[in-house]
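A.B. asks: predicted model follows, preceded by the sequence.
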Amino acid sequence: MEYEEILEAVKERLPAQRFTHVLGVVETARILAVRFGADADEAMLAAVLHDVAKVEPADQMKQMILREVDLPKDILRFHSELWHAPVGAFIAQHTFGITNPFVLDAVRFHTTGRMNMTLLEKIIFLADYIEPNRTTPGVADCRELAESDINAAIILVYKRTVAYLLSKNATIHPDTIYGYNDLVSQ
Ligand code: DGI
Ligand code: FE
Ligand code: FE
């Protein structure tokens, strides 16, 4: 499927407000790709697909995760908010015919992050947090760091996310911790 066709299909799958967020991530990912030297077309494709599974019902995602060998089972022990990322990568591959493994991994790890993220993964992870429609307290600091230092910006996103999860007594996926340690120790 061509990019424009995928954009239209994603628009039909998502509520208007969620699609507005997706468009914000697309534009932010394009800017970050140009800034930090990644392929802008790949960044926009990963961005348009990153939340493709966002409104799938949790029980349907659970069934899919249990059924498909390619989907990680351990994620079922964590909050269902996390499931749309690997399920989205699966849909991108099997419904939208995306074969580029870097694009699929950028979708797969956009919520938790992980250690050794590729530049494309970093761009989608960061763009998701800082896109212009986001009003999260402190997002301006992340946007400022993203002007020049992608790793510093991502470290701050990890910190903010972990602090938020701690404040809610929520579990923290190990990939988020591994991702934080990976960048903070460099
Ligand atoms: O899908 P979006 O709303 O655009 O953003 P997202 O994919 O980053 O999902 C964010 C949600 O995931 C947010 O409510 C926090 C939640 N979450 C739950 N557990 C974890 C987590 N985020 C991370 N990074 N790590 C977790 O362990
Ligand atoms: Fe998401
Ligand atoms: Fe998102």
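C.D. replies: Here it is on my side, so go on. Numbers count the residues shown, from 1 in each chain. Ligands and ions are numbered 1, 2, ... in the order given.
A.B. asks: any part of the helix or strand hosting T161 near ligand 1?
C.D. replies: Using DSSP states H and E, T161 sits within helix 150-167. Yes - with CB under 6 Å from any ligand atom as the criterion, ligand 1 is reached by helix 150-167 at T161, L165. Backbone N, C-alpha and C define where each C-beta goes, glycine included.
A.B. asks: again with stretch 25-41
C.D. replies: No - using CB under 6 Å from any ligand atom, stretch 25-41 never reaches ligand 1; the gap is at least 7.6 Å.
A.B. asks: list the contacts of that stretch.
C.D. replies: With contact meaning CB atoms under 8 Å, 6 or more residues apart in numbering, stretch 25-41 is reached by 3, 42-44, 46-48, 50-51, 119-120, 123-124, 126-128, 130-132, 146-147, 150.
A.B. asks: re the thing from before, mind listing what's buried along the helix holding T161?
C.D. replies: Residues I150, A153, I154, I155, L156, V157, Y158, R160, T161 are the ones in helix 150-167 that count as buried (16 or more other CB atoms under 10 Å).
A.B. asks: so it, near ligand 3 or not?
C.D. replies: No - if you take CB under 5 Å from the ion as the test, helix 150-167 misses ligand 3, and the best it gets is 12.4 Å.
A.B. asks: which strands and helices lie in contact with that helix?
C.D. replies: Packing contacts for helix 150-167, counted by 3 or more CB pairs under 8 Å, 6 or more residues apart in numbering; DSSP states H and E, involve helix 119-130, helix 139-146, helix 174-184.
A.B. asks: now the angle from it to helix 119-130?
C.D. replies: Going by axes from the mean of the first three to the mean of the last three CA atoms, to 10 degrees, helix 150-167 is angled at 50 degrees with respect to helix 119-130.
A.B. asks: the chain should start at 48 in everything you say after this.
C.D. replies: New numbering, starting at 48: the last item is helix 197-214.
A.B. asks: between helix 221-231 and helix 197-214, find me the angle.
C.D. replies: 140 degrees.
A.B. asks: chain center to helix 197-214: distance?
C.D. replies: Averaged C-alpha coordinates place helix 197-214 at 14 Å from its chain's average position (CA atoms, centre = their mean, to the nearest Å).
A.B. asks: state the mean pLDDT of that helix.
C.D. replies: For helix 197-214, mean pLDDT is 98.
A.B. asks: stretch 95-114 too?
C.D. replies: Averaged over stretch 95-114, pLDDT sits at 98.
A.B. asks: can you list the residues of the protein near ligand 1?
C.D. replies: Residues of the chain lying close to ligand 1 by CB under 6 Å from any ligand atom are 68, 98, 101, 125-126, 128-129, 157-159, 175, 208, 212, 217, 219-220, 223.
A.B. asks: which parts of this protein sit against ligand 3?
C.D. replies: Counting by CB under 5 Å from the ion, the chain sits next to ligand 3 at D98, D175.
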